[in-house]
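Engineer: Predicted coordinates and the sequence they were generated for:
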Amino acid sequence: MKQLYYDIKKCLGCKSCEIACALAHSLTQSILTAIKEEKLSLPRKKILYSKGKNYPVSCRHCKDPKCVDACMAHALVYNKEKGIVEHDESRCVGCWMCVMVCPYGAIRPNIKTKIPLRCDKCKDKDEPACVRACPTGAIIWQEEVVVDNKK
Amino acid sequence: MKKFVIIGNSAAGISAAEEIRRRDKDAAITMISSEDYTAYCRCLISYYLAKDIKEEKIVLRPQSFYKDNNIELILDKEVTRVDPKKNRIICADKKQVEYDALLIASGASPKFPDIKGVKRKGVFGFRTIKDIREIESLLTVAKAACVLGGGLVGLKAAYALKKRGLEVKVIIKSQHVLSQVLDAAAAGLVEQQLTGNAIELIKGHDAIEIIGEGDVRAVKLDSGKALESGLIIVAKGVAANMNLVRESGIALNQGILVNDMLATNIPNIYAAGDVTESLDITLNKPNVNALWPVAVEQGRIAGANIAQAGLKYDGSLGMNSIEFFGLPVVSLGVYKTDANDPSYEVLQKSDPGQKVYKKFVIKDNVLIGAILAGKIHNSGIFLRLMREKINILSVKERFFADDFGYPEIRDIVREEEKIYL
């Protein structure tokens, strides 16, 4: 299963990925019309800065997802085959428990829609929109590198 | 074939059952619940009463879940006694079930104050679907409701009743709402949201009598004042459901005491969820943290250990996410400090115009508490710093910054996964 990796040496912090992400999750999919949508589509990825480097931050779809444990509405389920935390928005009540427990601060509340903003790896497309949008190739979409998490 | 019994069918019980089944395909699993429903999302009952969500959305696991996982589910049955000597449990109807290992996930029940009239018809806890159904049946006749208690459950009940068109008064013994989890400044922001939406708060008073003839008519306060009310919700905290183990020799305090494997003092009996008293990471002593995420995690670890996995449980800590009328608030760990103890450090900033308030409680350079009101987007980062007891000296100045985030704690937390090359 594929995962997002970031070559932070290449990241300029241009936020092209943020825009592409917001656009990919908009209703109209066009930047000219998306900015006029009633519920403005917001990015599920944020570029944060630390010690001279830029870091794209978004949901990692953890194998041991704290957000799934915390979700009191059973709106979050970890799909093992696909390697993603699936979010059933129809069950979500906007309680922000997932925001409260995400160890990466990667889930942000969208107070207007009462639905948290979280990366879905653009699950209906071949690859996440941020990957194509990155002008320097800093965002890498590749098969997962297995790290030995001692259980 | 091993036989495992789980008392309880909510957050802890379900996650334990799933974990046992994942690790042991053959074991016989029996779940016993005193309630008459398959598992549901207990924390959503206020949304259900408010008609924010439909009944199907509170289903946590459908009937098919039990069948698919080969779990025997016994509903509407009270377990009255655990008999560790004979490895069996005994139910109110004398039914006995034997086990090789037992998980007690019997949860908690609302505490009712010892005041006159508290048993009258129209006085409810706010915990179960049964409570909601009974409250629902009074909504056509009751015009006004009183909620006793200004904690999270009481306020959620108040919200739901207001949404259903009742006049709602919340009677709060403390000087502010949510006094267990918020300081006065953060509580003040929540109070603005509530009173701004016509929920009346009566602070610094307690109910001393529930007046009525058969049905509930009014609540009498310690001030002498009587408030007309056709419906009363009691939300003054919960107590662990431990009656079934009182005579068993299992060690108890405010909850069932467990070790770092979530086993009780009897090796083949485990406890998880709201009935459990386990190590609190920020208080550094045993405590009952009756919270959904804690119950799920404890259930999973206890289930794994019942299946002989030998997993360790790090402990829990207080964490609450509160949202009323568009204001999000997160409370983590402890917010009260000892002013005479110089090892505490408190950082706080407020912007009342923007309805933003943040507070951090630090002891010996370790974060032990946080309140985030209005802006909560980094709360998981703070929770992590608390859980891992990280020395935060190098980053604490950045806590208030809107663009603070994971990259800045990356070097100081425990991290195995590498996504940044």
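Structural biologist: Happy to help now that I have it.

Engineer: Relative to the one helix or strand A:Ile47 maps to, what are the paired strands and their orientations?
Structural biologist: Using DSSP states H and E, A:Ile47 falls within strand A:46-50. On the basis of DSSP bridges, the sheet neighbours of strand A:46-50 come out as strand A:53-57 (antiparallel).

Engineer: Report the distance from the partner strand to the chain centre.
Structural biologist: The chain centroid and the centroid of strand A:53-57 are separated by 13 Å, computed with C-alpha atoms, centre = their mean, to the nearest Å.

Engineer: How is the spatially most central residue of chain A classified with respect to secondary structure?
Structural biologist: When C-alpha atoms, centre = their mean is applied to chain A, the residue found nearest the centroid is A:Cys119 (1.9 Å). Going by DSSP: H, G, I helix; E, B strand; the rest coil, the secondary structure assigned to A:Cys119 is coil.

Engineer: Let me know the distance separating it from A:Tyr5.
Structural biologist: Counting by C-beta to C-beta, to the nearest Å, the separation of A:Cys119 from A:Tyr5 is 13 Å. In this view, the C-beta of every residue, glycine as well, is placed from N, C-alpha and C.

Engineer: how distant is the strand holding A:Ile47 from the center of its chain?
Structural biologist: 14 Å.

Engineer: Which of the residues in it are classified as buried?
Structural biologist: A:Lys46, A:Ile47, A:Leu48, A:Ser50 (16 or more other C-beta atoms under 10 Å in any protein chain shown).

Engineer: Stretch B:48-59 too?
Structural biologist: Using 16+ other C-beta under 10 Å as the test for burial, stretch B:48-59 gives B:Tyr48, B:Leu49, B:Ala50, B:Asp52, B:Ile53, B:Lys57, B:Ile58, B:Val59.

Engineer: nearest residue to the last one other than its sequence neighbours?
Structural biologist: Spatially, and ignoring its direct neighbours in sequence, B:Val59 is nearest to B:Tyr40 (6.0 Å; C-beta to C-beta, 6 or more residues apart in numbering or on different chains).

Engineer: count of neighbours near B:Ser64?
Structural biologist: Other residues near B:Ser64 come to 9 when the count uses other C-beta atoms under 10 Å in any protein chain shown.

Engineer: was I right about the residue nearest to the centre of chain A contacting A:Ser58?
Structural biologist: Yes. Between A:Cys119 and A:Ser58 there is a contact at 4.0 Å, judged by C-beta atoms under 8 Å.

Engineer: Next, show the common contact partners of these two.
Structural biologist: The contact sets of A:Cys119 and A:Ser58 overlap at A:Leu4, A:Cys21, A:Arg44, A:Lys45, A:Ala106 (C-beta atoms under 8 Å, 6 or more residues apart in numbering or on different chains).

Engineer: Restricted to helices, list those.
Structural biologist: Judged by DSSP state H, the subset of the shared contacts of A:Cys119 and A:Ser58 located in helices is A:Cys21.

Engineer: could you pick out which of the shared contacts of A:Cys119 and A:Ser58 are near chain B?
Structural biologist: Restricting the shared contacts of A:Cys119 and A:Ser58 to those touching chain B (C-beta under 8 Å from any C-beta of the partner chain) yields A:Leu4, A:Ala106.

Engineer: which among the shared contacts of A:Cys119 and A:Ser58 gets closest to B:Leu252?
Structural biologist: Closest approach between the shared contacts of A:Cys119 and A:Ser58 and B:Leu252, by C-beta to C-beta: A:Ala106, at 39.7 Å.

Engineer: Per-residue confidence, the residue lying closest to that closest one once chain neighbours are set aside, what does it come out as?
Structural biologist: Of all residues not flanking A:Ala106 in the chain, A:Cys59 sits nearest, at 4.8 Å (C-beta to C-beta, 6+ apart). Note on A:Cys59: pLDDT of 96.

Engineer: Quick one: residues contacting A:Cys59.
Structural biologist: Neighbours of A:Cys59 in contact, by C-beta under 8 Å, 6+ apart: A:Arg44, A:Val85, A:Cys102, A:Tyr104, A:Ala106, A:Ile107, A:Arg118, A:Cys119, A:Asp120.

Engineer: Could you measure from the fourth one over to B:Glu415?
Structural biologist: Distance of A:Tyr104 to B:Glu415, computed by C-beta to C-beta: 10 Å.

Engineer: swap in the first one?
Structural biologist: A:Arg44 is 21 Å from B:Glu415, where distance means C-beta to C-beta.

Engineer: same deal with B:Gly212?
Structural biologist: Relative to B:Glu415, and taking C-beta to C-beta, B:Gly212 is found at 59 Å.

Engineer: Around residue 26, how many other residues sit close by?
Structural biologist: All of this refers to chain A. For A:Ser26, using other C-beta under 10 Å, the count is 18.

Engineer: Please refer instead to chain B.
Structural biologist: Neighbour tally, B:Asp26, other C-beta under 10 Å: 8.

Engineer: can you check B:Asp68 too?
Structural biologist: Other residues close to B:Asp68 by other C-beta under 10 Å number 11.
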